[in-house]
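*Asks:* fold the following for me, if possible:
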Amino acid sequence: MIDPQVLLLFAGACLVLAMIPGPDNLFVSAQALSHGQGTGLAAASGILLGGVVWTLAATLGLTAILVTMPMVFAGIQIIGVGYLLFLAVGLWRGASNSRQNPAPVSHAFVRGLTTNLLNPKVGLYYLAFLPQFINNETGAVWSQMLVLGGIFNLIGAVVMYAIALMAGAAQSRMQNQNARIWLARTGALIMLAIAGKLLMELLA
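*Replies:* Residues are numbered from 1 along each chain as shown. Purely as a prediction, here's the structure:
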C-alpha cells in the first residue's frame, strides 16, 4: 500500500501540473469556446480515456518499448500535429455556421481521445513522473502505477471539466453572432498554437 503522505504529496503535484496550461487544457478550452460546455466536457472525457490508455501502456511497459523506436515515436508525433492542424482549419472554416449545424458531442469525445493518443510525449511523461512516487517495498510496482495513474487522471479530469464549464459559460453568454464567430475562431487559433508548439518540440 502506498504511504498516505506520499499520496498527498503526489496529489498536490498532480494538481499543480494539471493547472499549468498545456495541450490538453488548451484543447478543451478551444472546444468549449467554439461549441459550448457540452463539447468541452466531451473533449475532456476523451482526453481522460486517453490518459487511462497511457497509464496502462506505462504499467505494461509498452511506453518504454515505444521510446526505443524513435522513428515510430516521431511518426506518431507528426500524425498528431497534422491532425491538430486539420482540426484547427475545420474549426475556423466552420465557425460561421457552427450554431446552425452544431457538430455532435460524440465528435468532440473522439477528437479529445485521438489528440491525446497521437501525442506519445504524454506516455513518456507518465513513464517519467509516476515512478518517482513508487516504493518497491510497499507493494507491487504495477499496482502502484495503476493507483498513481488513476489519481493523476482523476485530478486532471476535474481541472479540465472546470475549464470546459468556464469556457463554455463564456461562449453561451455571447449573444452577438459575430462575437460567437470570433470566439470560435479564437478556439481555432488555440488549436493552431498547440500544433505549432508540438511541431517546434518535434524539430528541436
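
*Asks:* state the mean pLDDT of whichever helix or strand residue 181 is part of.
*Replies:* Assigned by DSSP states H and E, residue 181 falls within helix 177-203. For helix 177-203, the mean pLDDT works out to 78.

*Asks:* ok, residue 61 - how many residues close by?
*Replies:* Neighbours of residue 61 under the rule other C-beta atoms under 10 Å: 11. Quick note: C-beta positions are derived from backbone N, CA and C, even for glycine.

*Asks:* if I look at residue 174, how far off is residue 123?
*Replies:* 37 Å (C-beta to C-beta, to the nearest Å).

*Asks:* picking up where we left off before, flag every buried residue along the helix holding residue 181.
*Replies:* Buried residues in helix 177-203, counted by 16 or more other C-beta atoms under 10 Å: 180-181, 183-188, 190-192, 194-195, 198-199.

*Asks:* swap in stretch 26-43?
*Replies:* So for stretch 26-43, counting by 16+ other C-beta under 10 Å, buried means 26-37, 39-43.

*Asks:* that older thread, ok, residue 174 and residue 123, which is more surrounded?
*Replies:* residue 123 (25 against 15).

*Asks:* any idea how far that one lies from residue 50?
*Replies:* 10 Å.

*Asks:* surely residue 183 and residue 33 touch.
*Replies:* Yes. Taking contacts as C-beta atoms under 8 Å, residue 183 lies within contact range of residue 33: 5.3 Å.
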